[in-house]
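K.L.:
Please find the sequence and the predicted model below.
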Amino acid sequence: MHHVVLERWSRQSSPMHRGDPRVKVLNLLVFLVVLSTAHRDLVQIAVALGGLLCCAIVWSRLPLMGALGRAAVVLPFSLAFAGVCWIAGDPTRGVHLAVKSYLSALAVLLVVSTTPLPALLRGLESMGAPRFLLMVAQFLYRYLFVISEEAQHMAKAAQSRGATAAGMMGRSARFRAAAGALAVLFARSYGRAAEIHRAMLARGFQGHLETLAALHFRKADLALAIAGMLGPVALRFAVERFC
Amino acid sequence: MHIPDGYLSTAVWTGMDALAAPAVIVIARQAQRRFDDARAPLLGVMGAFVFAAQMINFPAGVGTSAHLLGGALLAITLGAPAATVVMSAIIAIQALVFQDGGVLVMGANILNMAVVGVWAGYLPFRFAGATRWRSAAIFSGGALSVLVSAVCAMAELRLSGLPPKTLAVSALVFLISAPVEGAITLAVVKALDAIQPGFVRRPEPGRRWHSSVLAIGLTAVFLGAVGVLFSSAAPDGIEKLGLVSGMAGRVKVLPGTPFSGYEASFFTSPWMRKAAAGLAGLALIYGIGLAIGRVAAARKRSV
């Protein structure tokens, strides 16, 4: 599954992995802004920025083709949109949208696959994002796959009882059956949440997740920050100057 | 409905981020009052539920299936502020982990789905949830939540300069999926009522004027978005109006202030100006968000 790969990637070791999450978030924002404001010479800029991303991926010891493939999840939507743009008589815009959304997704993927999500959220918290929201996001991520697995089991159980045999059952009956399954899933999730909550209270949870490792800003992070922020800006400057 | 990065123009996404950040901070505080910090696991698990719910397919039309989007269902079961927090967390996780929706445009996505969509889905239930129109209120809540967020998203895309024809296709999709979401929400709520009546809360007897102000605000947002879509269908109506009345001439004189048109004037190259203005906008949003958070925290302590 998608998350397992990301989880494995984000726990490897490389200079990029060791970087401060706050620096990586700032670098990401700079990259995205530089990319999203590009209009003229977009193709050359995209090649330059894409090259930069590929270098960073290799430097982070991530599989290049794997990362490029994973970022392609945005392409079906973007290409469909580009197709519609083409039909509407504006093919350039369609290409721009597809290129920008793909490179943006690749940049986000690079940051997320070199930073474990808890560390990333902790970095965001120390940058001032609302703590309650981040905590909810963290629990969401933690239980996402537990609950999804439960849903998959329920779907499989329903299938093995013949829920997919369209001829056997009217559409409204199937609709009601799906609604019943969702309601059961809701009730189970709610019950599980209550159990988790009680278990955490019993272990002394007071509404804040304590972490053992504090965030440290080191010299290497300063270098990463400078390289990450100046890199995209300099590349774009060079492209517009010399192309 | 998740807008990816690169689709919105700089002015639109900075504007939406600037609106979304304070809105989410204020609503998160409101949710925290009802669900104190220690209840964060509940909201997180319910967010996971919405993800998982997308695996259960509902038959919709000939040979097609649909799944729950969840904004209205969460609002009805957890209350609107908590639903906003859960949906915002979902959008953040989708953008970061699944590359579904952008990072710079996250403010726009949160505003469309987690703020406007959730509250639009909640309002009918708030006003009619305890009357004999309860079923109709739940159905229209589900449908409205999809419709209103879709209209907002399309208005943002239109403002960013996407041609109206490209949006017509998406409009058609959303017109179909809105009643489907209403039907799914209603069916799930009915099934929940049958399992355990306590899950679906009765609408809280809050201050009515509070909700009325909210209703007026949402209606204004909706009408504004519809207005953008319609005015864009007539070829550049507003621009023509501006030209005729000589506004366009005057507008050009104005940009002398540092951030006007989101272009900081102290850089020479036009893209540098745009990028710098975008970053300055982000910094500004960041500062405002921090300040609001501080003020809200101080108020909480003094109470």
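P.N.:
Arrived safely.
K.L.:
mind listing what's buried in the strand or helix carrying A:His96?
P.N.:
Using DSSP states H and E, A:His96 sits in helix A:91-112. Buried residues in helix A:91-112, defined by neighbour count with 16 or more other CB atoms under 10 Å in any protein chain shown: A:93-112. From N, CA and C alone the C-beta is placed, and that goes for glycine too.
K.L.:
Can you give the distance of it from its chain's centre?
P.N.:
With CA atoms, centre = their mean, to the nearest Å as the basis, helix A:91-112 stands 13 Å off its chain's centre.
K.L.:
Is the helix or strand following it in proximity to chain B?
P.N.:
As assigned by DSSP H and E, the chain's next helix or strand after helix A:91-112 is helix A:117-126. Yes. If you take CB under 8 Å from any CB of the partner chain as the test, helix A:117-126 does meet chain B, through A:117, A:120.
K.L.:
Same check on stretch A:173-186?
P.N.:
Yes. Using CB under 8 Å from any CB, stretch A:173-186 reaches chain B at A:174-176, A:178-186.
K.L.:
Are any of those buried, and if so which?
P.N.:
A:174-176, A:178-183, A:185-186.
K.L.:
so which of these comes closest to B:Pro197?
P.N.:
Nearest to B:Pro197 among those is A:Ala183, at 12.0 Å by CB to CB.
K.L.:
Please render the residues of stretch A:173-186 next to chain B as a markdown table that adds pLDDT to the earlier fields.
P.N.:
Shown next, in a markdown table, are the residues of stretch A:173-186 next to chain B (pLDDT from 0 to 100):
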| residue | pLDDT |
| --- | --- |
| A:Arg174 | 77 |
| A:Phe175 | 79 |
| A:Arg176 | 81 |
| A:Ala178 | 82 |
| A:Ala179 | 84 |
| A:Gly180 | 85 |
| A:Ala181 | 85 |
| A:Leu182 | 86 |
| A:Ala183 | 88 |
| A:Val184 | 88 |
| A:Leu185 | 88 |
| A:Phe186 | 87 |
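K.L.:
Please flag which of those sit within helices.
P.N.:
Those of the residues of stretch A:173-186 next to chain B mapping onto helices are A:174-176, A:178-186, per DSSP state H.
K.L.:
Spatially, which two of those residues are the most separated?
P.N.:
A:Arg174 and A:Phe186 (18.7 Å).
K.L.:
ok, back up a step: tabulate the ones in helices among the residues of stretch A:173-186 next to chain B in CSV, adding columns for distance to A:Leu49.
P.N.:
As requested, these are exported to CSV (distance: CB to CB, whole Å):
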residue, distance to A:Leu49
A:Arg174, 48
A:Phe175, 47
A:Arg176, 51
A:Ala178, 44
A:Ala179, 47
A:Gly180, 49
A:Ala181, 45
A:Leu182, 43
A:Ala183, 47
A:Val184, 48
A:Leu185, 42
A:Phe186, 43
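K.L.:
which one of those residues sits closest to A:Arg198?
P.N.:
If you rank these by distance to A:Arg198 using CB to CB, A:Phe186 comes first, at 19.1 Å.
K.L.:
worst-scoring helix or strand of chain B, pLDDT-wise?
P.N.:
Lowest mean confidence among the helices and strands of chain B (mean pLDDT, DSSP states H and E): helix B:247-253, at a mean of 38.
K.L.:
Any idea how far apart the tips of stretch B:100-115 sit?
P.N.:
With CA to CA, to the nearest Å as the measure, the ends of stretch B:100-115 fall 18 Å from one another.
K.L.:
What residues of stretch A:47-66 count as buried?
P.N.:
A:48-50, A:52-53, A:56-57, A:60, A:62.
K.L.:
ok, residues contacting it?
P.N.:
Residues outside stretch A:47-66 that contact it (CB atoms under 8 Å, 6 or more residues apart in numbering or on different chains): A:5, A:9, A:12-17, A:31, A:34-35, A:67-68, A:103, A:106-107, A:110, A:113-114, A:231-232, A:235-236, A:238-239.
K.L.:
Can you flag which of those belong to helices?
P.N.:
Among the contacts of stretch A:47-66, the residues falling in helices (DSSP H) are A:5, A:9, A:15-17, A:31, A:34-35, A:67-68, A:103, A:106-107, A:110, A:231-232, A:235-236, A:238-239.
K.L.:
Was I right to think B:Gly129 contacts B:Ala137?
P.N.:
Yes. Look at B:Gly129 against B:Ala137 with CB atoms under 8 Å: they come within range, at 5.4 Å.
K.L.:
shared neighbours, the two?
P.N.:
In terms of CB under 8 Å, 6+ apart, B:Gly129 and B:Ala137 are not both contacted by any residue.
K.L.:
residue ranges with poor pLDDT in the stretch 1-150 of chain B?
P.N.:
Within the stretch 1-150 of chain B, the segments meeting pLDDT under 70 span B:35-38, B:60-65.
K.L.:
typo on my end, chain A
P.N.:
For chain A, the ranges with pLDDT under 70 are A:1-3, A:163-170, A:207-213.
K.L.:
re earlier: of the contacts of stretch A:47-66, which are in range of chain B?
P.N.:
A:34-35, A:103, A:236.
K.L.:
With that, I have no additional questions.
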